[in-house]
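Asks: Dropping a prediction and its sequence here:
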Amino acid sequence: MSNDTGKNFEYRILVVDDDTDICDLLSGVLSTRYDITVCFSGKEAIEHLDKDTFDLVIADLVLPDVSGIDILAHAKSRDEFAEVLMITGNASVDTAAAAINGGAGSYMLKPFSIRELCGRVDKMIATRQFLTKSLRLMSSSDIVDPAVKEHIDDITTLYHFTCKLMLTLDVSEMMRIVLEEVNRKIGAEFCSIEINHLGYKEVFSMPRTGLVGKELLDKVFAEHWNSAFICTARAIFFKGAVPHRVFDGRHGNFSEASGYTCRNYRLVVPGKTIGSLSVWLASDNGIDDRFDRHLHVLTSIASPVIEHVYADKLALLQAKTDGLTGISNKRHFYEALGREIARANRKKNTFALVLADIDNFKIINDTHGHQIGDAVLIELTKHLTDNVRVGDVVARYGGEEFVLILPDTDLEGAVALANRIRESIASTPFANAKYCVPYTSSFGLAMYDGAAPVSKDDLIVIADTALYYSKHHGKNRVTVGEDRAGAGIVCKDTK
């Protein structure tokens, strides 16, 4: 369906969304400045794209027949410089990555601000205008100097790179975007990025084509270490203390060069270097002045964005981490419990919830002071984390209370684990140069069955009631709570 305004505006926009209210809203707002065509299905959108030329496509990600990603791909196949704005009410890192990788110029979540959307549309049309005029200029080979063409191409490349970079807050996706762009532009054998910022130390690598193993990269790094990285110590890297992720390159096979040379570009923000970009070429190749300037500009664009993403990652971590013990906090526990309940309901399996509390903790604080009390909390955290499996959740519930979520665990296994931790604590007093402080802990355990679901709060109440039983029936014990219809919560001492 087309809304023929009778106005002959220079730039044309195709809007596709199965929500008629959204279509009416966008048409009403944008038709005062642009030539708008509206349709309500992916099939209609593809038909319009096959018949006409559009400067900008605004597409919903989820449509009843054809996905927004498919419309994006079709628009780009018809005109690689067409601008595409994706809108969605169901966002995830994967869908955002798919849109970015497909060439979307922007990505917005519903409900969106009309003012913000109009601003993005205007910017994207301005980009389209710049590109089309640049292409016309570049096609006039008789009057345009080759150096000017190269300059326009570099500016266009950097603009698209910046758009992609600004659309994600996922560290891995950002690194993949940077490495792929450098490989594509420079023709490197492979590229690497090292990060040393805000306590994060990690390395990311990607070959231009095909797959490559870490063993080969480590061999190249070892042979050319002095030029490989700026912020990473050789001894630390080769001890495995620095995580190293290797992305797959584009289609094709990776061919090992007979020798390598490396050019290194610092990732700099005001006042510090946060890492570096290493560009690895075959030893008989080099980087000319044009591409060298391009990489300096590219890293200057990428550096503050990378800094922001790591600051955001740290803030999210701190929001979910207990400041004293370094384990998950109560907020993160509730999130994890909700996810585990949903998983158990879906798979109809069981998991255990365990509450733990230090016995007579007030006496420890009153006798030895709060610093020793804090040290005991940290010591108990070690007993917990040393005994659980990968995938189990350990969190501080509050004060001297801790909580464990043990996925895919039956009652027998949960009781055995809780008693093992209890015995470890009871047999190992906290000790430093001045004090030796024996202490014990009590445990309350509740089982969740996905075949007979209960609410999150009810499950916590069962575990808390069992813990209360332990505390008031001798302490230093594990009690199992069970909610029996008609009889209330029944507690069973396992010691």
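Replies: That came through fine. Numbers count the residues shown, from 1 in each chain.
Asks: What is the end-to-end distance of stretch 346-354?
Replies: 22 Å (CA to CA, to the nearest Å).
Asks: Kindly state the domain boundaries assigned to this structure.
Replies: Domain assignment for the chain by automatic domain parsing gives 12-139, 169-319, 330-493.
Asks: Now render these as CSV, adding mean neighbour count and mean pLDDT.
Replies: Just so you know, the C-beta spots here come from the backbone N, C-alpha and C atoms, and that holds for glycine as well. Listed next are the domains of the chain as CSV, based on neighbours: other CB atoms under 10 Å; pLDDT from 0 to 100:
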stretch, mean neighbour count, mean pLDDT
domain 12-139, 18, 85
domain 169-319, 17, 90
domain 330-493, 17, 93
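Asks: Next, give phi and psi for the spatially most central residue of the chain.
Replies: Taking CA atoms, centre = their mean, the centroid of the chain lies closest to D170, which sits 3.7 Å from it. The phi/psi pair for D170 (degrees, to the nearest 10) reads phi -90, psi 120.
Asks: From L337, how far out is D21?
Replies: Per CB to CB, to the nearest Å, D21 is found 37 Å from L337.
Asks: picking up where we left off before, any chance of the domains of the chain in CSV, plus distance to I155?
Replies: Formatted as CSV, these follow (distance: least, CB to CB, whole Å):
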stretch, distance to I155
domain 12-139, 8
domain 169-319, 10
domain 330-493, 44
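Asks: quick one: which of those domains is nearest D153?
Replies: Comparing the domains of the chain by their distance to D153 (CB to CB), the top pick is domain 12-139, with 7.7 Å.
Asks: now that closest one: how far from the chain's centre is it?
Replies: From the chain centre to the centre of domain 12-139 is a distance of 25 Å (CA atoms, centre = their mean, to the nearest Å).
Asks: The chain should start at 516 in everything you say after this.
Replies: Fine by me, first position is 516 from now on; the one you just mentioned is domain 527-654.
Asks: Using the three-state scheme, assign the closest residue in space to T924 that isn't next to it in sequence.
Replies: The shortest distance from T924 to any non-neighbouring residue, by CB to CB, 6 or more residues apart in numbering, is to A867 (4.7 Å). Following DSSP: H, G, I helix; E, B strand; the rest coil, the label given to A867 is strand.
Asks: Just list the residues touching F719, thanks.
Replies: Applying CB atoms under 8 Å, 6 or more residues apart in numbering, one finds that F719 lies in contact with S687, M690, R691, L694, S707, I708, I710, H759, R760, V761, F762.
Asks: can you give me the strands for the stretch 516-665 of the chain?
Replies: 527-531, 550-554, 571-575, 598-603, 621-624 (DSSP state E, counting those that start in this stretch).
Asks: Now C777: closest residue in space, sequence neighbours ignored.
Replies: That would be S742: by CB to CB, 6+ apart, it lies 4.4 Å from C777.
Asks: tell me the SS of that neighbour?
Replies: Following three-state DSSP, the label given to S742 is helix.
Asks: Enumerate every residue touching it.
Replies: Neighbours of S742 in contact, by CB under 8 Å, 6+ apart: C777, R778, N779, S793.
Asks: now the last one: how far from I887?
Replies: Spatial separation of S793 from I887 under the definition CB to CB is 48 Å.
Asks: do the same with the first one
Replies: Applying CB to CB, the value for C777 to I887 is 52 Å.
Asks: Isn't Y674 up against T642?
Replies: Yes: Y674 lies in contact with T642 (CB atoms under 8 Å); the separation is 6.7 Å.
Asks: Output stretch 639-647 in CSV, but only the C-alpha positions, please.
Replies: The C-alpha trace of stretch 639-647 is given here as CSV (Å, rounded to 0.1, in the frame of the first residue of the first chain):
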residue,chain,number,x,y,z
MET,A,639,21.0,8.6,7.3
ILE,A,640,19.5,10.6,4.4
ALA,A,641,22.5,13.0,4.7
THR,A,642,24.8,10.0,4.5
ARG,A,643,23.0,8.8,1.4
GLN,A,644,23.2,12.2,-0.2
PHE,A,645,27.0,12.3,0.5
LEU,A,646,27.5,8.8,-0.9
THR,A,647,25.5,9.3,-4.1
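Asks: got the angle between the host helix or strand of T672 and strand 598-603?
Replies: According to DSSP states H and E, T672 maps onto helix 661-680. Counting by axes from the mean of the first three to the mean of the last three CA atoms, to 10 degrees, helix 661-680 lies at 0 degrees to strand 598-603.
Asks: Alpha carbons only: can I get helix 661-680 in PDB?
Replies: What follows is helix 661-680, C-alpha atoms only, in PDB (Å, rounded to 0.1, in the frame of the first residue of the first chain):
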ATOM      1  CA  PRO A 661      42.900   9.500  -8.400                       C
ATOM      2  CA  ALA A 662      44.100  10.800  -5.000                       C
ATOM      3  CA  VAL A 663      40.700  12.600  -4.500                       C
ATOM      4  CA  LYS A 664      38.900   9.300  -5.300                       C
ATOM      5  CA  GLU A 665      41.000   7.500  -2.700                       C
ATOM      6  CA  HIS A 666      40.300  10.200  -0.200                       C
ATOM      7  CA  ILE A 667      36.600  10.000  -0.700                       C
ATOM      8  CA  ASP A 668      36.700   6.200  -0.500                       C
ATOM      9  CA  ASP A 669      38.600   6.300   2.800                       C
ATOM     10  CA  ILE A 670      36.100   8.800   4.300                       C
ATOM     11  CA  THR A 671      33.200   6.700   3.200                       C
ATOM     12  CA  THR A 672      34.800   3.600   4.700                       C
ATOM     13  CA  LEU A 673      35.500   5.300   8.000                       C
ATOM     14  CA  TYR A 674      31.900   6.600   8.200                       C
ATOM     15  CA  HIS A 675      30.400   3.100   7.700                       C
ATOM     16  CA  PHE A 676      32.900   1.700  10.200                       C
ATOM     17  CA  THR A 677      31.900   4.300  12.800                       C
ATOM     18  CA  CYS A 678      28.200   3.500  12.300                       C
ATOM     19  CA  LYS A 679      28.800  -0.200  12.900                       C
ATOM     20  CA  LEU A 680      31.000   0.500  15.900                       C
END
